[in-house]
Every structure is written in C-alpha cells, then in structure tokens.
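**Q** Make a model of this:
(4 chains)
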Number of protein chains: 2
Amino acid sequence: MSVRLRPIQALRLWQEVGLSMVRRNAVDLTQRQMVILLTIYLEPPPHTVRGLAAKLGVTKPVITRALDAMGELDLVSRRRDPADRRNVIIQRTVRGSLFLDEFSDRVVEAAGALAP
Amino acid sequence: MSVRLRPIQALRLWQEVGLSMVRRNAVDLTQRQMVILLTIYLEPPPHTVRGLAAKLGVTKPVITRALDAMGELDLVSRRRDPADRRNVIIQRTVRGSLFLDEFSDRVVEAAGALAP
DNA sequence: GAAAGATGATACGGATGTGAAACGATCGGA
DNA sequence: TCCGATCGTTTCACATCCGTATCATCTTTC
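**A** Numbers count the residues shown, from 1 in each chain, chains lettered A, B, ... in the order given. Predicted structure coming up:
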C-alpha cells in the first residue's frame, strides 16, 4: 500500500534525516549527486552520462563531475561500453550499495519515530 | 501513529523528491541550509546562531553564511535581540513558510504515489 | 575512405561553501 | 570602571560546483 504522510511529518522526517547526515560528517553528497546515485541504484541499467543528464535536466558535465566525485568515494564505477566505445556504462559498487542501505535504514527509523 | 516505510520505499521517496527539486531548478538549498530552515520552522523560538551551530555540529560562520543566503532569498530574517544586543534572533518569513508548505506537499504526494 | 554526427571529458570563468582565525560590539562580574 | 567572556560577523585560503564552449574519440552515413 502507499505511504500516508502528513505535511508536518514530512518536514520532520526531512529535518531528522538531514540532521543525522550533517552531524555524522561522513559522506557529504550534493542533492544532485544523491539523485544520481539513487537513480543508478533504483532504475534498471544501463545508465549513461547522457541518459542521466536528460533525466535530471542538467548538462553533461554535471554528470561527469558527479561521477568523478562519487567514483573517488567508490560509490559508483565506470567502464567503456565494448559495443559502442563512445558510451560509458555506469555501474554500482559494493560500497555504494552499503551506503544506500544504511541511508534507507536511517530514513525508515526516523519515519517510525515520527509523532502521530 | 508513526509512519511505516520500507527501505526501498525510503530510497524511492528520496529520489522522487530530489528529482523534482533538481528539475524545477528553483530554490537550490544546500543540505545544511535545508536543515537550518527546517529547524527554524519546526522548533520553538528563539533561534540563535550559536544554538543552531551547536545543534547541527558546525561552526558559527556556517550558520551566518547560510542565513545570508536564505535571507537574500527572503526565506528567513534576522534582527538583534533588544534584551541582549549581542544575540541575533532568527525569524520566519511568509515566503519561507510558503516554500516549506510547497515542499511538504511534494513529499506527501510522492509518498502517496509509492508502490507497495 | 571521408565527412558528419554522437558521446563523454576537459578548460575556463564565475559563483558559492567550508574551517580556522581574528575582529568589533556587547554584556557582566570583580 | 575595567577587563574578561560571549556573540555574531568578517577575512583568508582553499575546495567544489555550475554552465558554456571546446576537445578527442568513436560511429554512422554517403
């Protein structure tokens, strides 16, 4: 079933999760980087720079640089498409999966703790 | 009652909301700025620079600059505390309330549209 | 094959965020 | 009345992000 959430609960959920992210001082992703990461892990592959840029409505360099940053953190990886060597296939990593697992757990926990 | 949310739903919710924020290309707040804004609107006043810095675990200049940026967007306002003129009282604005109302509506809508 | 098109990466200039340190204004106790 | 403590801001050096324009590489078309 769908998730019932009231506006005030939505705001408190965002505050709680954002606060835990800021305080942990751990991986600090931009909103765009986070959306890119989530798209890679939630939607069916293959993912390309051009496809992600179109989906997010941003320019290609934004995607390239976000992948640079997240690749440095080992959250995603890239390899050339052997079939068409112009393309770059963006792949998931163990560390990226782990990161999102922990993130989602935090969200679920914060949601469960919301006041009525 | 509390909100029941499964991990995959949490990720999809974040992706959907983030995507709509990026695509709208409207107000583009940092995660920290967003947490500050939510805290100002959700928790009881008065709010001070020092209090927000302590709550978020960041330095005071971070708060000052975030308030500069959001003040420029008319999302918050500042005034000196008459009782102790060293303090600055951070206040809500009409535009800030409207912004968070619209944001929460978007979250609620995305939550309602989640697959089971 | 040569030219045109597509794809991702890079260079550049501008804008903005960050932490550490120092600063001016204000308060309050000796 | 001082003089230290507190508060918010500013300065500095650095890092990162953005969009535009351009580039190198690869593919497709003629």
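**Q** Torsion angles phi and psi at A:Arg80?
**A** phi -70, psi 140 (degrees, to the nearest 10).
**Q** Read off the pLDDT value for it.
**A** You'll see A:Arg80 listed with a pLDDT of 92.
**Q** what about it, how many residues close to it?
**A** For A:Arg80, the neighbour count with other C-beta atoms under 10 Å in any protein chain shown is 11. Placement of C-beta: from N, CA and C, glycine included.
**Q** Name the nearest residue to A:Thr30, ignoring sequence neighbours.
**A** A:Ala66 (7.3 Å; C-beta to C-beta, 6 or more residues apart in numbering or on different chains).
**Q** tell me what the helix or strand in which that neighbour is found is packed against?
**A** Using DSSP states H and E, the element containing A:Ala66 is helix A:60-72. Judged by 3 or more C-beta pairs under 8 Å, 6 or more residues apart in numbering or on different chains; DSSP states H and E, helix A:60-72 is in contact with helix A:31-42, helix A:49-56, strand A:76-80.
**Q** could you redo the last one with a cut-off of 10 Å?
**A** When contacts are defined as 3 or more C-beta pairs under 10 Å, 6 or more residues apart in numbering or on different chains; DSSP states H and E, helix A:60-72 packs onto helix A:31-42, helix A:49-56, strand A:76-80, strand A:88-92, helix A:94-112.
**Q** which stretch among those comes nearest B:Val58?
**A** helix A:31-42 (17.7 Å; C-beta to C-beta).
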